[in-house]
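# let's see this in three dimensions:
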Amino acid sequence: MRVLIYSYNYYPEPIGIAPLMTELAEGLAKRGHDVRVITAMPNYPQRQIYEAYRGKLYTTEERNGVTIQRSYVWIKPKPSLVDRILLDSSFVFTSFFQALRGWRPDLILLTVPPLPVSVPAALLGWLHNCPIVLNVQDILPEAAVHVGLIKNKLMIRVLESLEKFAYRTAHTVSVIADGFVDNLERKGVPSSKITCIPNWVDVNFIKPLPKDNAFRKAHNLEGKFVVQYSGNIALTQGLETVVEAAARLRDFPEIAFVIVGESKAIAKLKDYCAACGAENVMLLPFQPRERLPEMLAAADVGLIVQKQNVVSFNMPSKTQVLLASGRPVIASVPSTGSAAKAIEKSHGGVVVEPEHPEALAQQILELYKNPEYAALLGKQGRQYAIERYSFEQALNQYEALFQKVKEGSEAVKPAYALSVNKSSS
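Predicted structure coming up:
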């Protein structure tokens with residue numbers, strides 16, 4: 001099968017949807033499918049095009065059996081509303097012409113956000129007469145409006161129209177959590193059109209490893225009880241809660257906090273640590289992906305952090321990764337959300353009230369004082385990740401879905417052709 005993956009983010013970007021789409025594309029290629037990826041010049045999370053790709057309009061690469069077709073995007077480190085519009089518009093325009101350069105796909109997998117990409121994908125599907133599987137990683141504009149990222153009423157109306165357009169033009173809508181299904185059904189998307197395939201983790205790559213490793217030694221963490229957060233540091237996370245919890249545990253010198261994130265966000269958080277007197281917090285830039293298993297293994301506890309106003313269907317991709325690492329998870333997240341439900345079902349961690357530093361500090365202290373309980377949580381989380389979130393399981397589901405969509409699309413083509421011939425005679 002020839003699969004065209006339309007994804008704004010892809011390798012070598014280290015976090016978010018990029019590693020997932022990279023693994024999916026390469027997994028399909030390994031199983032004998034032809035795979036093309038239409039993506040932007042890599043720029044996330046720094047919001048700057050990586051040095052090796054600067055000054056280029058288009059570039060095409062081959063990696064692990066996948067053809068990667070990149071196109072230029074307008075990107076600013078601190079984007080205004082106009083900059084965000086120019087970013088999305090630039091990718092919509094440049095990516096479409098790049099997508100035309102290559103073989104005709106049997107199926108298009110479109111991942112959103114960003115929503116405007118649904119327009120060139122729909123046009124491409126129409127030109128090639130092939131179905132679109134819409135992979136929804138976050139529901140926009142609803143999620144962004146909820147946390148105050150988007151306030152412009154005209155922009156909200158435009159994005160709501162694009163959201164409806166994306167659902168309408170897709171043959172199938174693939175979502176990553178049950179909460180997404182409920183949300184889409186309330187918006188009139190037929191349940192028969194929706195399928196739920198959770199995001200995955202490569203459990204052979206992310207796995208329990210010795211705690212005393214090179215990462216601990218490099219950062220003088222030997223003998224410490226390490227509480228670790230790694231990932232995006234933005235408006236929806238509220239890492240201030242972690243810093244304030246750390247400040248409350250200053251009297252426990254054995255407990256060390258490690259926060260890993262994008263360099264500019266880390267620099268801002270450094271000032272907040274100083275203001276809170278949280279000297280027990282170590283701030284580090286993103287590590288190379290090949291060191292991720294070792295870094296996660298160096299932790300005694302992994303953190304998931306969200307603000308109270310994050311919409312309930314939001315599902316951080318780090319959830320599966322932390323569970324697979326075999327370390328207990330503390331999720332400071334809304335109790336009704338997808339992340340909380342995943343942690344509770346896995347029995348791989350505990351959920352505490354979001355934006356509540358005292359509750360977070362107390363839960364950390366409890367796991368510190370009860371290593372047997374912490375070890376049990378980690379073991380249960382690992383088992384759940386293997387059973388529910390393994391990459392091979394997800395790959396099987398996507399491959400079966402693509403085959404079903406392809407066959408269903410081909411079944412209606414003869415009827416369509418017949419009606420065209422009758423009308424023209």
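# and the helices in the stretch 1-150 of the chain, which stretches?
Under the criterion DSSP state H, counting those that start in this stretch, the stretch 1-150 of the chain contains helices at 17-30, 81-99, 118-128, 142-146.
# of those helices, which approaches residue 276 most closely?
Ranking the helices of the stretch 1-150 of the chain by proximity to residue 276 (Cβ to Cβ) places helix 142-146 first, at 27.2 Å. Glycine gets a C-beta too; all of them are placed from N, C-alpha and C.
# next SSE downstream of the closest one?
Sequence order places helix 153-169 as the next helix or strand after helix 142-146, per DSSP states H and E.
# using PDB, write out the CA atom coordinates for the helix or strand following that next one.
Counting by DSSP H and E, the next helix or strand C-terminal to helix 153-169 is strand 172-175. Extracted in PDB, the C-alpha atoms of strand 172-175 (Å, rounded to 0.1, in the frame of the first residue of the first chain):
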ATOM      1  CA  THR A 172     -12.200   8.100   9.000                       C
ATOM      2  CA  VAL A 173     -11.300  10.000  12.100                       C
ATOM      3  CA  SER A 174      -8.600   8.400  14.300                       C
ATOM      4  CA  VAL A 175      -8.500   9.600  17.900                       C
END
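# circling back: just the helices of the stretch 1-150 of the chain: most buried one?
Neighbour counts (mean count of other Cβ atoms under 10 Å) averaged over each of the helices of the stretch 1-150 of the chain peak at helix 17-30, with a mean of 22.
# could I get that helix in CSV with only the CA atoms?
Only the C-alpha atoms of helix 17-30 are listed here, as CSV (Å, rounded to 0.1, in the frame of the first residue of the first chain):
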residue,chain,number,x,y,z
ILE,A,17,4.0,14.1,17.7
ALA,A,18,7.3,13.9,15.8
PRO,A,19,8.7,10.7,17.3
LEU,A,20,5.3,9.0,17.0
MET,A,21,4.8,9.8,13.3
THR,A,22,8.4,8.8,12.7
GLU,A,23,8.0,5.5,14.3
LEU,A,24,4.7,4.9,12.5
ALA,A,25,6.1,5.8,9.1
GLU,A,26,9.2,3.6,9.6
GLY,A,27,7.1,0.8,11.0
LEU,A,28,4.9,0.8,7.9
ALA,A,29,7.9,0.9,5.6
LYS,A,30,9.5,-2.0,7.4
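# and the helices of the stretch 1-150 of the chain: which comes nearest residue 392?
Checking the helices of the stretch 1-150 of the chain against residue 392 by Cβ to Cβ gives helix 17-30 as the closest, at 8.2 Å.
# on that earlier part again, and the helices of the stretch 1-150 of the chain as TSV, adding distance to residue 403 and mean pLDDT?
Below are the helices of the stretch 1-150 of the chain laid out as TSV (distance: least, Cβ to Cβ, whole Å; pLDDT from 0 to 100):
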stretch	distance to residue 403	mean pLDDT
helix 17-30	11	96
helix 81-99	22	91
helix 118-128	18	96
helix 142-146	31	79
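# possible to save those as TSV with distance to residue 390?
Converted to TSV, the helices of the stretch 1-150 of the chain look like this (distance: least, Cβ to Cβ, whole Å):
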stretch	distance to residue 390
helix 17-30	11
helix 81-99	31
helix 118-128	28
helix 142-146	27
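# among those, which is nearest residue 345?
helix 17-30 (20.6 Å).
# for the closest one, packing partners?
With contacts taken as 3 or more Cβ pairs under 8 Å, 6 or more residues apart in numbering; DSSP states H and E, helix 17-30 sits against strand 2-6, strand 34-40, strand 66-71, strand 107-112, helix 391-424.
# any idea how far the fourth one is from the middle of the chain?
Using Cα atoms, centre = their mean, to the nearest Å, the mean C-alpha position of strand 107-112 is found 15 Å from that of the whole chain.
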